[in-house]
Each structure stands twice: as C-alpha cells, then as structure tokens.
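S.K.: Sequence below, structure please.
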Amino acid sequence: MSQQPRAQTLRFQGAVNRVMRVLLRVPIVGKLPGRRLALLEIVGRRSGKHFEVPVAYTRQGHDLLVGTPFSWGRNLRTGDVIDIVLMGTRRKADVVAYTDHDAVIEAYGAMCRDNKAFANFNKVGISKQGEPDPADLEAAFESGARAFRLAPRSPAGA
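M.R.: Modelled structure (predicted):
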C-alpha cells in the first residue's frame with residue numbers, strides 16, 4: 001500500500017480548517033456548513049494529542065459515513081466512542097471502522113455519489129451517470145483510504 005494519499009488538499013488547507021473548526025461549533029451558524037461537514041474530536045493513540053478534524057460526511061439513515069486517506073484515520077477503531085460536533089451541537093458518536101478493500105470501496109463509492117466535492121478532493125472521477133470511476137476508487141484504497149460509520153448519539157445521551 002502506498003504511503004502518499006491521493007487526496008488533493010487546498011494550498012491554505014490549514015487556514016480553511018481553522019475557520020471551519022470555529023464555524024462548525026457555532027449552533028446557528030454551524031448549521032449551514034454542518035449540512036455537509038462535521039467536526040471530529042480525535043485523540044492520538046500513541047501521542048495522546050487531541051485533533052479536531054473537519055470532515056465531509058454522507059448520511060446513511062441516522063449514521064454518518066466519512067472517509068479519509070490521511071493518518072488521523074488510523075486513530076479510529078471499531079468500538080471507539082468519539083466526540084463530534086454536528087450541526088453546531090456536540091455529541092458522542094460510536095465508530096465502526098472500515099479498512100478492508102470491499103468495505104472501503106463501497107463506502108467511498110457511496111460518498112462520491114452523494115458528494116461531488118468529496119469525489120474531487122479524493123481524485124475520484126464521476127461518470128455522466130453519477131457513478132464513481134472504479135479504477136479511481138481502487139487507487140484511493142491503494143493509497144491508504146479508510147472509511148468510518150459514525151452513529152451519533154442524541155445530544156441528551158451524550
């Protein structure tokens with residue numbers, strides 16, 4: 001498996017992420033970007049360092065489907081409970097991690113069909129019929145893509 005993610009970050013990705021971290025936390029303002037973005041609060045398994053990662057998500061029923069080729073994803077495992085900010089509200093979410101080939105390809109395909117910006121960010125072409133390019137999905141997996149199903153708990157149960 002290649003170590004270099006295929007995802008295309010913006011030139012000022014760090015600055016964009018800082019702004020999004022603030023916006024996603026504001027209850028009323030956070031609802032607009034929150035329709036497509038959530039803020040994940042992750043603790044490094046080795047370092048203990050806290051990360052706040054804005055991520056695009058796809059809804060599947062009550063759950064959120066997220067994916068990443070970046071190293072922060074290695075900190076999430078099935079059975080973990082993390083804090084997320086969704087639509088301006090902090091809550092707990094249960095994690096199911098997908099790392100095997102078929103599950104990652106299926107999840108990335110669903111996310112690319114739902115969110116063309118996610119597809120572009122991950123360099124996955126979309127056909128005129130709205131289907132992701134299988135070779136691009138395969139290349140994303142080979143470059144380290146992982147996918148996660150997050151089951152947000154109700155704010156009262158957080």
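
S.K.: Paired strands for the strand ranked longest in the chain, with orientation please.
M.R.: Using DSSP state E, we find that the single longest strand of the chain is strand 89-98. When sheet partners are counted by DSSP bridges, strand 89-98 sits next to strand 81-86 (antiparallel), strand 146-152 (antiparallel).

S.K.: want to throw those into a markdown table with mean pLDDT?
M.R.: Shown next, in a markdown table, are the strands paired with strand 89-98 (pLDDT from 0 to 100):
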| stretch | mean pLDDT |
| --- | --- |
| strand 81-86 | 93 |
| strand 146-152 | 97 |
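
S.K.: looking at those strands, which is buried most?
M.R.: Across these, the average number of neighbours (mean count of other Cβ atoms under 10 Å) peaks for strand 146-152, which reaches a mean of 21. For glycine as for every other residue, the C-beta is placed from the backbone atoms N, C-alpha and C.

S.K.: Model confidence score at residue 72, please.
M.R.: Note on residue 72: pLDDT of 89.

S.K.: Residue 51 - how many residues pack around it?
M.R.: 13 (other Cβ atoms under 10 Å).

S.K.: Distance check, it against residue 75.
M.R.: 8 Å (Cβ to Cβ, to the nearest Å).

S.K.: Can you pull up the most central residue in the protein?
M.R.: residue 66 (3.2 Å; Cα atoms, centre = their mean).

S.K.: any residues touching the longest strand of the chain, and which ones?
M.R.: Applying Cβ atoms under 8 Å, 6 or more residues apart in numbering, the contact partners of strand 89-98 are 25, 27, 64, 76-86, 104, 107, 146-155, 157-158.
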